[in-house]
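*Asks:* Quick one, structure for this:
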Amino acid sequence: MDRIKVLEDKLSASDYDALLLTDVINVQYATGFTGDESAVLITKDGAILVTDSRYTEQAQQEVNINIVLHVGSLLNKVAELAEAAGAKTLGFEADAMNYSDYASLNAAFDGQLVPTTDVVESMRQVKDADETALIKKAIAIAEMGYQHVLDTIKPGMKEIDVATDLDFYMRKQGASGTSFETIVASGARSAMPHGSATDRVMQDGDIITLDWGCVYGGYVSDLTRTFALGKTDPKLDEIYRIVFEANRAVAAMMAPGVTGRQIHEAAHQVIDGAGYKQYFGHGTGHGIGRGIHEGPGAWGRYMTTPQLVGNIETDEPGIYIPDLGGVRIEDDLLITADGNQQLSTVAPAELLHL
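*Replies:* Purely as a prediction, here's the structure:
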């Protein structure tokens, strides 16, 4: 897919004369440029990457659209180029531009600024074969990292040491970084859905929630597994089985046309039916790609969005009991014409006790 051509077609069908991309992920997605602090301006005359002299050679190697260097203000140069192309209205990414930058652009551009949403993000939701291959590789590296954790973790280690070791291990396997700050939450802290790793020393009998992922070729993976160090409270084994059932119920029904709300309800039907409704408060899943949270999914405004072939989404129900612990099982699934393909390895049906 020629992404710039798609954006030019969108511009032709819009009610503004030019389109400005400033979100770094969207700039990279549209052009292949891997630098930052740059922008893409699309006018009736074509597309331009606006950057500075730090990226002259890099931009020439990575992009096949016109490149204009600015000195001083990026947004002033954008306004100058838009006006030179005859633009009277300029669409900008409302979710990416802060007020200060908006004020600067508004002062520099002798025309009307028009807020836009989801122009590029809607394109990013459907992955092509190359994107899917990169995400699969990111998942494979993350899963190697998980096996490394299982082979090395033991009572007496700190959560933060496990997270740091995992991060570096994935880099050694080819990852360029982590998808987000690795979560290692042990014992009662596992009841915190986003419990960042701390100096807490893990103990025999702890349940561990590990939420992690890596970046490969600009694309991310996102997985969660829950396991135990030794024997745990039997109630946690029961909770694990319920969450696993909910995870599998979601995986069984994700398909083209299914809405985010239906996905969320499939998980809640299992968890609520087991009496744990109040302990599952987050969305059941979200899209992944160049960003860790993309559309569609079972959260926020995507609850009414039907799934499309090529979406890659997480499936991540959980139950979190204060002062006891929590369980989350998260997988990455590709929506296919006849349902879905699980890209991550299926978690064990029973809580793993190391």
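*Asks:* would you list every one of the helices in this protein?
*Replies:* Using DSSP state H, the helices of the chain run over 3-12, 24-31, 56-62, 74-84, 99-108, 121-124, 129-152, 159-172, 234-253, 260-273.
*Asks:* pLDDT on the third one, on average?
*Replies:* Model confidence over helix 56-62 averages 95 on the pLDDT scale.
*Asks:* what's in contact with it?
*Replies:* Contacts to helix 56-62, defined as Cβ atoms under 8 Å, 6 or more residues apart in numbering, come from residues T31, G32, F33, T34, G35, S38, L49, T51, I67, L69. The C-beta positions use only the backbone N, C-alpha and C, and glycine is treated the same way.
*Asks:* follow-up on the earlier one: let me know which of the helices of the chain is the nearest to D323.
*Replies:* helix 234-253 (11.6 Å; Cβ to Cβ).
*Asks:* how close does L333 get to E131?
*Replies:* Per Cβ to Cβ, to the nearest Å, L333 is found 15 Å from E131.
*Asks:* if we can go back for a sec, CSV for the helices of the chain, including mean neighbour count and distance to N340?
*Replies:* Converted to CSV, the helices of the chain look like this (neighbours: other Cβ atoms under 10 Å; distance: least, Cβ to Cβ, whole Å):
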stretch, mean neighbour count, distance to N340
helix 3-12, 15, 25
helix 24-31, 21, 23
helix 56-62, 13, 33
helix 74-84, 20, 41
helix 99-108, 14, 39
helix 121-124, 17, 19
helix 129-152, 18, 12
helix 159-172, 19, 25
helix 234-253, 19, 7
helix 260-273, 19, 11
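*Asks:* Need those helices in JSON lines (columns: distance to G287).
*Replies:* As requested, those are exported to JSON lines (distance: least, Cβ to Cβ, whole Å):
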{"stretch": "helix 3-12", "distance to G287": "17"}
{"stretch": "helix 24-31", "distance to G287": "13"}
{"stretch": "helix 56-62", "distance to G287": "25"}
{"stretch": "helix 74-84", "distance to G287": "29"}
{"stretch": "helix 99-108", "distance to G287": "26"}
{"stretch": "helix 121-124", "distance to G287": "8"}
{"stretch": "helix 129-152", "distance to G287": "11"}
{"stretch": "helix 159-172", "distance to G287": "21"}
{"stretch": "helix 234-253", "distance to G287": "14"}
{"stretch": "helix 260-273", "distance to G287": "10"}
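*Asks:* closest to S179 out of those?
*Replies:* helix 129-152 (7.7 Å).
*Asks:* Now do that closest one: which elements does it pack against?
*Replies:* When contacts are defined as 3 or more Cβ pairs under 8 Å, 6 or more residues apart in numbering; DSSP states H and E, helix 129-152 packs onto helix 159-172, strand 207-212, strand 214-216, strand 219-220, strand 223-228, strand 331-336.
*Asks:* Can I get these in CSV including mean pLDDT and distance to V243?
*Replies:* Below are those laid out as CSV (pLDDT from 0 to 100; distance: least, Cβ to Cβ, whole Å):
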stretch, mean pLDDT, distance to V243
helix 159-172, 98, 21
strand 207-212, 98, 11
strand 214-216, 98, 24
strand 219-220, 98, 23
strand 223-228, 98, 8
strand 331-336, 98, 12
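*Asks:* Switch these over to JSON lines; also include distance to L81.
*Replies:* Shown next, in JSON lines, are the helices and strands packed on helix 129-152 (distance: least, Cβ to Cβ, whole Å):
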{"stretch": "helix 159-172", "distance to L81": "39"}
{"stretch": "strand 207-212", "distance to L81": "42"}
{"stretch": "strand 214-216", "distance to L81": "32"}
{"stretch": "strand 219-220", "distance to L81": "31"}
{"stretch": "strand 223-228", "distance to L81": "43"}
{"stretch": "strand 331-336", "distance to L81": "39"}
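*Asks:* Domains in the chain, by residue range?
*Replies:* 3-124, 129-353 (automatic domain parsing).
*Asks:* How far off centre is the shortest one?
*Replies:* Using Cα atoms, centre = their mean, to the nearest Å, we find the averaged C-alpha position of domain 3-124 to lie 23 Å away from the chain's own average C-alpha position.
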